[in-house]
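[1] after the sequence you'll find the predicted model.
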Amino acid sequence: MPLDTFSRRLKQAMSDSGMKQSDLIAAAETLGEKLGKSQVSQYVSGKTTPRRDAAALLARILGVDCDWLIAGAAPPADGRPSAGEAPCIPAVRASARLATAMPDSTKPAPNPRRSIPMREFKKSSKLDNVLYDVRGPVVDEAARMEREGQHILKLNIGNPAPFGFRTPDEVIADMRMQLPDCEGYSDSRGLFSARKAIMQYAQIKHIPNVDMDSIYTGNGVSELIQMCMQALLDTGDEILIPSPDYPLWTACATLAGGTPVHYLCDERADWYPDIADIERKITPRTKAIVIINPNNPTGAVYPREVLREIVEVARKHQLMIFSDEIYDRLCMDGEEHVSIASLAPDLFCVTFSGLSKSHMIAGFRVGWMIMSGEKRCARDFMLGINMLSNMRLCSNVPAQSIVQTALGGHQSVKDYVVPGGRVHEQRDFVYNALKDIDGISVVKPKAAFYIFPKIDVKKFNITDDEQFALDLLHQKKILITRGQGFNWHEPDHFRIVYLPRIEVLSEAMDKLQDFFAHYRQR
């Protein structure tokens, strides 16, 4: 056979078995045979072809059929030589003898041409207790149904753009103009212009002790929440998180090795935090408290007196305060949003906000966090934040470039949340429609895009709210998020997003009413 053909097949067999030239020499020695270094080198390089006995030895070591190695024939499926051909040692038998004779450290790797179990790669055990049902199994089922051509009404996620909410023209125009200047990285904290505008916004909100170095932009608030949990929590550290919550908080705390401890928000008191329950759940391991104000999923806006009570608890137990305020410009009914940091100049606070909801640009991923108040106690934490910020280099620079424009001038979102505005009217419509459904009760939301109705679980025999969500999806093609997806303790709530126009919401509410008129969980 041609020299290069043997060389090519020899190198293929070596590659398949994961063996180098030195491995061939060592394996031959283990079998009581001899292969010289220069001899093997010449075989591999194609300078010479081995005698049949040397080829048979190489085939034994590599676990292949020697006739294939010498003549280039395909290896017989049963390891036996073809009829009429003089046999070399059958590869399967030879390999078995070699495996018996050789120590583990020099055995050839299994031949990929034989059937071997495939290695399975499993997700990290760190994710075992992580939940994010806003995009979870029910959403996966909805996607499957859509692939089959079924139309699904998605009332599960606060994404304004698909429902006809448009970004202000001035914001789009300014981003277009600045794109040529946004091709490189920015400072890891963010563009100067963006952070300056955020600092001025913090001043309007009366947040104390804020400077440019205390502000970080992010790819949405979500990225910044994850950074904070990673920077703060050691294994076993506890953090107080509301129930119901926005589930990213619980997921990020868990992933960082911390222990989320959920305090109750009281539905009978307009979903305000239960201060007594917060006090009961504080331990020596508690490091921080999270508030979500305005709240997702309930739409509650916390009054100044409730915020003062939370500040007193944090002050008493020396807790850091994290305040998620992404919906602060979406308050209705004359409600005033108060930043808790403005009431706590002597405590270390981190306040989160952004443009995703107020400016209807969730896809641009524009978020920020402001560190304020007493910073001396958090110097090391802030060093950790700076390290994590440097590691991700910077947030989306084109998105940062519009922060100054977005926060200045006319705030078009105000037109949506006053009587006659889309968000206000859609909120009222859904609230009134849900009230009319037998077996459903609901607290009227004061902000954001969400409503969190309660189900009479005894009436409908509901014990599994994921099954309820799937049944609603299959029967009425409506996608909602179950209450336990927000770390609520009972299967008796669900969240509806009221971003669609009223004519769409009207159809959805009719379907929902019909569903509950006949539903009983099996």
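    Arrived safely.
[2] isn't P453 up against Y431?
    No. Taking C-beta atoms under 8 Å as the definition, P453 is not a contact partner of Y431, at 9.1 Å. All C-beta spots, glycine's among them, are computed from the backbone N, C-alpha and C.
[3] next, show the common contact partners of those two.
    Overlap of the contact sets of P453 and Y431 (by C-beta atoms under 8 Å, 6 or more residues apart in numbering) consists of V442.
[4] more neighbours: those two, which one.
    A direct count of neighbours by other C-beta atoms under 10 Å for P453 and Y431 places P453 higher, at 22 against 18.
[5] what sits against the closest residue to that one other than its chain neighbours?
    Spatial nearest neighbour of P453, chain neighbours left out: V442 (4.1 Å); criterion: C-beta to C-beta, 6 or more residues apart in numbering. Applying C-beta under 8 Å, 6+ apart, one finds that V442 lies in contact with 431, 434-435, 451-454.
[6] just the buried residues out of the residues you listed, in PyMOL syntax.
    Burial among the contacts of V442 is assessed by 16 or more other C-beta atoms under 10 Å; the matching PyMOL selection reads:
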select buried, resi 431+434+451+452+453+454
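[7] for the protein, give me the ranges with low pLDDT.
    1-4, 72-115 (pLDDT under 70).
[8] in it, which helix has the most residues?
    Longest helix in the chain by number of residues (criterion: DSSP state H): helix 502-518.
[9] any idea how far it is from the middle of the chain?
    Centre-to-centre, helix 502-518 and its host chain are 31 Å apart (C-alpha atoms, centre = their mean, to the nearest Å).
[10] so which other helices or strands are in contact with it?
    Contact here means 3 or more C-beta pairs under 8 Å, 6 or more residues apart in numbering; DSSP states H and E; on that basis helix 502-518 packs against strand 153-154, helix 422-435, helix 465-476, strand 478-479.
[11] repeat that with 10 Å
    When contacts are defined as 3 or more C-beta pairs under 10 Å, 6 or more residues apart in numbering; DSSP states H and E, helix 502-518 packs onto strand 153-154, helix 422-435, strand 440-441, helix 457-460, helix 465-476, strand 478-479, strand 494-497.
[12] the third one: how far from the chain's middle?
    This means strand 440-441. Between the centre of strand 440-441 and the centre of its host chain there is 32 Å, according to C-alpha atoms, centre = their mean.
[13] next SSE after it?
    Once the chain leaves strand 440-441, the next helix or strand it forms, by DSSP states H and E, is strand 450-451.
[14] list of residues touching the helix or strand hosting E305?
    Assigned by DSSP H and E, E305 belongs to helix 304-317. With C-beta atoms under 10 Å, 6 or more residues apart in numbering as the test, helix 304-317 has contacts from 240, 263, 269-270, 272-273, 275-276, 278-279, 282-284, 286-289, 291, 293, 300, 302, 319-321, 323, 336, 338-349.
[15] list the buried residues of it.
    Using 16+ other C-beta under 10 Å as the test for burial, helix 304-317 gives 306-307, 309-311, 313-314, 317.
[16] from P445, how far out is the residue lying closest to Y450 once chain neighbours are set aside?
    Computed as C-beta to C-beta, 6+ apart, the closest residue to Y450 that is not its neighbour in sequence is P297, at 4.9 Å. Distance of P297 to P445, computed by C-beta to C-beta, to the nearest Å: 9 Å.
[17] residues contacting N386?
    Counting by C-beta under 10 Å, 6+ apart, N386 has contacts 188-189, 213, 216, 231.
[18] what would those residues look like in a markdown table with distance to G408, secondary structure and neighbour count?
    As requested, these are exported to a markdown table (distance: C-beta to C-beta, whole Å; DSSP: H, G, I helix; E, B strand; the rest coil; neighbours: other C-beta atoms under 10 Å):
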| residue | distance to G408 | secondary structure | neighbour count |
| --- | --- | --- | --- |
| S188 | 24 | coil | 17 |
| R189 | 20 | coil | 21 |
| D213 | 22 | helix | 12 |
| Y216 | 20 | strand | 27 |
| A231 | 31 | helix | 19 |
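[19] and the furthest pair within these?
    D213 and A231 (15.6 Å; C-beta to C-beta).
[20] ok, back up a step: among the contacts of helix 304-317, which are located in helices?
    275-276, 278-279.
[21] between these, which is nearest Y132?
    I278 (24.4 Å).
[22] which residues touch the closest one?
    Contacts for I278 (C-beta under 10 Å, 6+ apart) come out as 240, 242, 261, 263-264, 286, 289, 291, 309-310, 313-314, 317, 319.
[23] please apply the same query to G257.
    Contacts of G257 by C-beta under 10 Å, 6+ apart are 126, 229-230, 233-237.
[24] go with 6 Å
    233, 235 (C-beta atoms under 6 Å, 6 or more residues apart in numbering).
[25] so which residues of the stretch 251-400 of the chain form strands?
    With strands called from DSSP state E, counting those that start in this stretch, the stretch 251-400 of the chain shows them at 259-266, 272-273, 286-292, 320-324, 348-354, 367-373.
[26] out of these, the one nearest L499 is which?
    Of all the strands of the stretch 251-400 of the chain, strand 348-354 sits nearest to L499, with 17.4 Å by C-beta to C-beta.
[27] could you spell out the sheet neighbours of that closest one, each with its direction?
    strand 320-324 (parallel), strand 367-373 (antiparallel) (DSSP bridges).
[28] about what we covered before: distance to M175 added to the helices and strands packed on helix 502-518, as JSON lines?
    Listed next are the helices and strands packed on helix 502-518 as JSON lines, based on distance: least, C-beta to C-beta, whole Å:
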{"stretch": "strand 153-154", "distance to M175": "27"}
{"stretch": "helix 422-435", "distance to M175": "24"}
{"stretch": "strand 440-441", "distance to M175": "42"}
{"stretch": "helix 457-460", "distance to M175": "48"}
{"stretch": "helix 465-476", "distance to M175": "37"}
{"stretch": "strand 478-479", "distance to M175": "31"}
{"stretch": "strand 494-497", "distance to M175": "26"}
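[29] many thanks, have a good one.
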